[in-house]
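In: Here is a sequence with its predicted model. Questions after.
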Amino acid sequence: MNIPLLVNAAHPLAEGFEPSSLSPALPGSEVLLESECAAALTALVRAVGGEGKIIAVSGYRPHGEQVLLWENTLRTCGEDFTRKYVALPGCSEHETGLAIDLALDTGGEVDFIRPYFPYDGVCGKFRARAAEFGFIERYQSGKEHITGIAAEPWHFRYVGAEHAAAMAAHCLALEEYAELLTTRRSLHGQREKL
């Protein structure tokens, strides 16, 4: 079992990283995701009857766009807010094409940094089935000390169904899960040497 790509301030992306292929996050959307991730998202939204209700706000961001987002948010919202809600350039999952910010379409303006994605209705159905389609709610409340990012109920990360199911079953953040898998591999390797 491969360890899902962990991207955060302690695990930045390799310079020049690019997703292998990109596709619209949802049919008709200008937001892009890594192609396998986009297909899984589309299937999940359809499975919960979310077409036209759940919208893609932000997916893949090239490094330069992440730099601009960081700088603009820092200038307009201040350092504390920026560090809570915007990842440092090179340390953002959005640069992988495997992360999506979603919103419930209320017909009004959508907050790009903190879109509205409640825990009930179609959004609740989305969360309930997310792991089945390979997604995790990446930045959960109560895990801020582990992830280094404030709770973001709108931000989902594609890790694949097997990993997502294991993480959901044990309420693990990606950092905890990656550490667990690394420890298991290390112990397995030590047993093989004996």
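Out: Arrived safely, thanks for sending. Residues are numbered from 1 along each chain as shown.

In: what sits against P24?
Out: Counting by CB atoms under 8 Å, 6 or more residues apart in numbering, P24 makes contact with E30, V31, L32, L33, A38. To be clear about C-beta, it is placed using only N, CA and C from the backbone, and glycine gets the same treatment.

In: List the residues that contact the last one.
Out: Just to be clear, that refers to A38. Contact analysis of A38 by CB under 8 Å, 6+ apart lists L22, S23, P24, A25, L26, L32, G59.

In: Show only the entries of those found in helices.
Out: With helices taken from DSSP state H, there is no overlap with the contacts of A38.

In: Let's have these in a markdown table, adding pLDDT and distance to T182.
Out: Formatted as a markdown table, the contacts of A38 follow (pLDDT from 0 to 100; distance: CB to CB, whole Å):
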| residue | pLDDT | distance to T182 |
| --- | --- | --- |
| L22 | 98 | 29 |
| S23 | 98 | 31 |
| P24 | 98 | 34 |
| A25 | 98 | 30 |
| L26 | 98 | 34 |
| L32 | 98 | 30 |
| G59 | 98 | 28 |
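
In: count of neighbours near the closest residue to L5 other than its chain neighbours?
Out: Closest residue to L5 apart from its sequence neighbours, by CB to CB, 6 or more residues apart in numbering: T96 at 6.1 Å. Residues lying near T96 (other CB atoms under 10 Å) number 20.

In: again, but for A47
Out: Applying other CB under 10 Å, we find 13 residues neighbouring A47.

In: Kindly report the same for D111.
Out: For D111, the count of nearby residues is 12 (other CB under 10 Å).

In: Just say helix, strand or coil for it.
Out: The three-state assignment at D111 reads coil, by DSSP: H, G, I helix; E, B strand; the rest coil.
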